[in-house]
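A.B. asks: Please work out how this folds:
(one chain, ligands or ions: 1)
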Amino acid sequence: MSLLECQKIEVTAAKPYPVFLGAPLEALGEYLHSQFKELEHILIITNPVIAKLYAERLQKGLMDYRFDFLFVPSGESEKSLDRLSQLTTAALRCGADRHTLVIALGGGVIGDLAGFFASVFMRGIRLIQVPTTLLAQVDSSLGGKVAVNHPIGKNIIGAFYPPLAVWTDFTTLDSLPWEEVENGLAESIKHALIDDLDLFEFFERQEESLKQRNPLIWREMVVRSSSVKVRIVSQDEREQGVRALLNLGHSFGHALETEMNYRGVTHGQGVSIGLVAAAHLANAKGQMTLAEVDRIKLLLNSYGLPIKISEISMEGQDPQVLLQLMKADKKNHGGRKILILPQGIGQAVVSKECTDPEILDAWKQVL
Ligand SMILES: NC(=O)c1ccc[n+]([C@@H]2O[C@H](COP(=O)([O-])OP(=O)(O)OC[C@H]3O[C@@H](n4cnc5c(N)ncnc54)[C@H](O)[C@@H]3O)[C@@H](O)[C@H]2O)c1
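C.D. replies: I've put the predicted structure just below:
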């Protein structure tokens with residue numbers, strides 16, 4: 001795919017930035033030349049798996065610059081202050097300064113870590129996100145949230161630090177294992193549920209083509225799904241209102257992931273079960289018909305995503321424990337649980353009115 005075929009959408013936040021969709025890795029250098037006349041030094045932060053697959057292609061366009069690779073092992077545990085400190089040491093050894101530009105080449109872990117590094121290194125240096133997982137392309141690279149984890153909580157130490165651009169090359173998804181695809185699909189289906197009935201129907205119609213990774217259909221799915229996120233974060237960059245809708249399914253999902261100690265459950269599986277629980281709760285509140293709940297379950301299941309906890313765990317989770325774990329949710333306010341609920345398919349609302357017995361019932365529906 002040539003640069004001419006790539007699409008550009010814009011995040012219209014306080015500092016607007018372009019999102020290039022279908023932009024070849026090789027052409028990033030050309031873009032940097034056109035935008036940043038004074039640029040000399042680039043730090044590419046990535047992991048060895050991604051570097052082996054894509055460093056050569058990215059490097060092709062960067063030959064006029066001095067660039068260094070900083071490698072981070074794979075895994076969520078790398079989003080840590082220790083790793084941030086090691087990156088800082090390595091960057092200084094490479095002669096990085098305030099004029100250096102960071103390229104975050106990878107999934108959400110690299111995007112969040114490298115993004116946070118860029119936000120604090122010498123009080124902030126330039127950042128370009130180059131997402132290589134489906135989740136990163138449709139979700140984490142968009143919207144400017146960057147963070148590392150604290151032993152007591154995920155993404156506790158972070159910032160809003162929008163990149164100068166997001167450079168999305170769809171071909172990087174060819175090498176993504178299906179389990180990782182599922183994590184992105186769960187978020188994409190969530191986007192459809194929140195804001196785009198057409199996208200939901202597209203997922204229903206294109207199941208086979210998506211599973212076979214038909215490039216044109218994949219392209220359309222990534223473009224439509226990222227457009228939902230771009231639309232939402234453009235309206236509410238700092239999560240004062242509508243951006244909270246992106247948490248649909250996550251209050252339930254996080255509680256389940258925590259209860260299972262992040263073992264035997266992927267984030268996508270947690271979100272999928274969370275979406276079903278939220279749909280049941282919406283049904284109990286009169287915001288969704290049972291037929292719509294079933295339609296959501298059918299769609300998630302058709303992509304291999306679980307709709308009940310028993311599909312992924314034999315432990316027999318206690319709904320009371322899961323309910324208690326939801327108390328720790330970052331969205332809660334003044335002791336009240338704040339949940340995002342779908343309203344039919346293609347719309348969602350923030351609800352402060354859910355009682356514990358109602359939430360408990362929703363958990364029981366997904367056990
Ligand atoms: N900042 C945000 O707004 C935001 C939103 C959602 C999620 N997140 C964060 O995103 C992270 C999860 O991101 P993720 O799901 O991308 O996981 P990830 O970054 O861990 O990547 C998953 C795995 O895929 C591998 N990989 C990456 N690209 C590949 C490719 N093209 N081909 C083959 N393998 C590849 C990686 O090496 C890794 O092992 C979490 O830390 C989460 O907190 C952030």
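A.B. asks: mind checking the SS state of the closest residue in space to Gly144 that isn't next to it in sequence?
C.D. replies: Using Cβ to Cβ, 6 or more residues apart in numbering and skipping residues adjacent in sequence, the residue nearest Gly144 is Pro162, 3.6 Å away. All C-beta spots, glycine's among them, are computed from the backbone N, C-alpha and C. Following DSSP: H, G, I helix; E, B strand; the rest coil, the label given to Pro162 is coil.
A.B. asks: Ala23 now?
C.D. replies: coil.
A.B. asks: surely it meets Ala165?
C.D. replies: No - using Cβ atoms under 8 Å as the test, Ala23 is too far from Ala165 to be in contact (9.1 Å).
A.B. asks: who's more crowded, those two?
C.D. replies: Ala23 (25 against 22; other Cβ atoms under 10 Å).
A.B. asks: Can you check which residues contact both of Ala23 and Ala165?
C.D. replies: Tyr31 (Cβ atoms under 8 Å, 6 or more residues apart in numbering).
A.B. asks: Asp174 contacts Arg213, correct?
C.D. replies: Yes - using Cβ under 8 Å, Asp174 is in contact with Arg213, at 7.2 Å.
A.B. asks: Need the residues touching each of the two.
C.D. replies: When Cβ under 8 Å, 6+ apart defines a contact, no residue borders Asp174 and Arg213 alike.
A.B. asks: out of these two, which sits in the more crowded spot?
C.D. replies: Neighbour count, other Cβ under 10 Å: between Asp174 and Arg213, Arg213 has more, with 13 against 10.
A.B. asks: what kind of secondary structure is that one in?
C.D. replies: Arg213 falls in the coil class when you classify it by three-state DSSP.
A.B. asks: Now do the contacts for it.
C.D. replies: 173-174.
A.B. asks: Local confidence estimate at it?
C.D. replies: Confidence at Arg213, expressed as pLDDT, is 95.
A.B. asks: And it, how far from Glu5?
C.D. replies: Per Cβ to Cβ, to the nearest Å, Arg213 is found 18 Å from Glu5.
A.B. asks: cool, Pro24 as well?
C.D. replies: Taking Cβ to Cβ, one finds Pro24 at 9 Å from Glu5.
A.B. asks: which one of these two has more residues nearby?
C.D. replies: The neighbour comparison of Pro24 against Glu5 (other Cβ under 10 Å) goes to Pro24, with 21 against 11.
A.B. asks: thought that one was touching Trp167?
C.D. replies: No - counting by Cβ under 8 Å, Pro24 does not reach Trp167; the two are 9.1 Å apart.
A.B. asks: wait, doesn't Ser285 sit right on Leu341?
C.D. replies: Just so we're on the same page, residue 285 is Lys rather than Ser. Yes - between Lys285 and Leu341 there is a contact at 6.6 Å, judged by Cβ under 8 Å.
A.B. asks: And those two? Which one has more around it.
C.D. replies: Leu341 (23 against 17).
A.B. asks: Report the spatially nearest residue to that one, omitting neighbours in sequence.
C.D. replies: Ala282 (4.3 Å).
A.B. asks: Number of residues surrounding the one you found?
C.D. replies: 27.
A.B. asks: how far away is Ala14 from Val49?
C.D. replies: 35 Å.
A.B. asks: Pick out whichever of these two has more residues nearby.
C.D. replies: Val49 (15 against 10).
A.B. asks: Could you find the closest non-adjacent residue to the more buried one?
C.D. replies: Ser74 (5.9 Å).
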